[in-house]
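1. Sequence plus the predicted model coming up.
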Amino acid sequence: MKKLKIIFLITIILLGQTIGIAYAENNIENLEEKYQLLHEENKRLRNEILKLKNQISEKKAEKIPVLLYHHILKQEDIDKYNWSENNSVLSLETFEEQMNYLYENGFYTATLDELQSFLNGEITFPEKTVVITFDDGYLSNALYAYPIMKKYNFRGTIFMLGYRVDDIQASFNPSSTQSLSIHEAYKYEDVFDYESHTYKLHDVDKNGNKLLLASDKKTIINDLTMSKNLLNAKYFSYPYGVYDENTIKYLKDTGYEMAFTIKPGYVTKDLNKYELPRFSISPQVPFSRFKRIVNGIYE
């Protein structure tokens, strides 16, 4: 009798585990289905918004400013931790002022998929259109840029360094830099898309040569492939803005569809998709210049 009770208990436990596993699997499937439905609904809504923006706009865009940001910190932390000499660190207050200007003046923030469709002649943009990008994948993008952009229903892209983001999430510390873990990045996908800034070639060799140019073909191809697979990337930004004909060929060979430089200028339909310019928005860019850039009148 005692053995029967034990067998009965074991059976109940195993049955419970089986049901639990089945429920968990079913729950995951339901969540994935819900995510896909919300994702498709979001795409539909963006299409409707873009259609309305085009109807409201008196003119259609012929050139698109792509903005480039890096690290963002509160001004008090910039002062406290001596970041003021670093041109890649923009104050949160300045970033918020710029985003507020875009919102108050009715700008549409296009995704890179939409930008590619624009370049292919498949869609039109209203005259007031910008693209917002961030290089390197700093945690501060999620901590500071994300809530501001989410508030305004803006979209942006973070070009990530694979070896830095493919790890557990580090705690934020304004005295140094931390990367946004790709394993936590899903939390911010309603604002950010994630693309490639190489896996581990954003560096220089012992002679000071940029690794993306100095490395052999096999190393570069492997790096681009690793980054692409990690991020499911289609688009690329050149570390330090450097590239050559071989770099472009390697990008094409590994399936990248567009690439961005750090040369200032507007994106137009006649440009090479692997040499697209961006405006670097540093602390040295006064608000008056920012407004000229986004309004298409900066020379």
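-> Yep, it's here. Only a predicted model underlies this, so the values are computations on that prediction, with no experimental measurement involved. Numbering: from 1, shown residues only.
2. Give me the below-cutoff pLDDT ranges for the stretch 1-150 of the chain.
-> Applying pLDDT under 70 to the stretch 1-150 of the chain flags the ranges 1-28, 31-32, 34-36, 38-39, 42.
3. Just the strands from it, written as ranges.
-> Taking DSSP state E, counting those that start in this stretch as the test, the strands found in the stretch 1-150 of the chain are 66-69, 71-73, 89-91, 108-109, 129-136.
4. Same list, these, but as a markdown table with distance to Asp193 and mean neighbour count please.
-> Just so you know, the C-beta spots here come from the backbone N, C-alpha and C atoms, and that holds for glycine as well. Formatted as a markdown table, the strands of the stretch 1-150 of the chain follow (distance: least, Cβ to Cβ, whole Å; neighbours: other Cβ atoms under 10 Å):
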| stretch | distance to Asp193 | mean neighbour count |
| --- | --- | --- |
| strand 66-69 | 14 | 23 |
| strand 71-73 | 18 | 23 |
| strand 89-91 | 20 | 22 |
| strand 108-109 | 12 | 22 |
| strand 129-136 | 10 | 24 |
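5. Asp270: which of these is closest?
-> Nearest to Asp270 among those is strand 66-69 (15.6 Å), distances taken as Cβ to Cβ.
6. May I have the strands that pair with that closest one, each with its orientation?
-> Sheet partners assigned to strand 66-69 using DSSP bridges are listed as strand 129-136 (parallel), strand 279-280 (parallel).
7. Mind listing residues that contact it?
-> Residues outside strand 66-69 that contact it (Cβ atoms under 8 Å, 6 or more residues apart in numbering): 90, 95, 115, 130-135, 141, 145, 260, 262, 267, 276-281, 293-294.
8. partner residues bridging the closest residue to Ile56 other than its chain neighbours?
-> Nearest non-adjacent residue to Ile56, counting by Cβ to Cβ, 6 or more residues apart in numbering: Pro126, 7.0 Å away. Assessed by DSSP bridges, Pro126 has beta-bridge partners Lys60.
9. And the residue lying closest to Met226 once chain neighbours are set aside, how far from Lys187?
-> Spatially, and ignoring its direct neighbours in sequence, Met226 is nearest to Tyr199 (4.3 Å; Cβ to Cβ, 6+ apart). Tyr199 is 22 Å from Lys187, where distance means Cβ to Cβ, to the nearest Å.
10. So which of these two has more stuff around it?
-> Higher neighbour count among Tyr199 and Lys187: Tyr199, with 23 against 11, using other Cβ atoms under 10 Å.
11. The more buried one reaches Ile220, doesn't it?
-> No - in this structure, Tyr199 is not within contact of Ile220 by Cβ atoms under 8 Å, at 10.3 Å.
12. re earlier: adding distance to Pro239, write the strands paired with strand 66-69 out as JSON lines.
-> Output for the strands paired with strand 66-69, formatted as JSON lines (distance: least, Cβ to Cβ, whole Å):
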{"stretch": "strand 129-136", "distance to Pro239": "8"}
{"stretch": "strand 279-280", "distance to Pro239": "14"}
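13. check contacts around Asn207.
-> Ala214.
14. follow-up on the earlier one: which among the strands of the stretch 1-150 of the chain is found nearest to Tyr81?
-> Among the strands of the stretch 1-150 of the chain, strand 71-73 sits nearest to Tyr81 (Cβ to Cβ), with 8.0 Å.
15. quick one, the helix or strand harbouring Ile293 and strand 129-136 angle?
-> Using DSSP states H and E, the element containing Ile293 is helix 287-294. Relative orientation of helix 287-294 and strand 129-136, computed by axes from the mean of the first three to the mean of the last three Cα atoms, to 10 degrees: 110 degrees.
16. what about the helices in this structure?
-> For the chain, the helices defined by DSSP state H occupy 2-56, 75-80, 92-104, 112-119, 139-140, 146-151, 162-165, 211-214, 217-231, 245-253, 287-294.
17. mind putting these in TSV, distance to Ile64 included?
-> Formatted as TSV, the helices of the chain follow (distance: least, Cβ to Cβ, whole Å):
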stretch	distance to Ile64
helix 2-56	13
helix 75-80	30
helix 92-104	13
helix 112-119	7
helix 139-140	25
helix 146-151	18
helix 162-165	27
helix 211-214	25
helix 217-231	23
helix 245-253	21
helix 287-294	10
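18. Among those helices, which comes closest to Phe192?
-> Of the helices of the chain, the one closest to Phe192 (Cβ to Cβ) turns out to be helix 146-151, at 7.0 Å.
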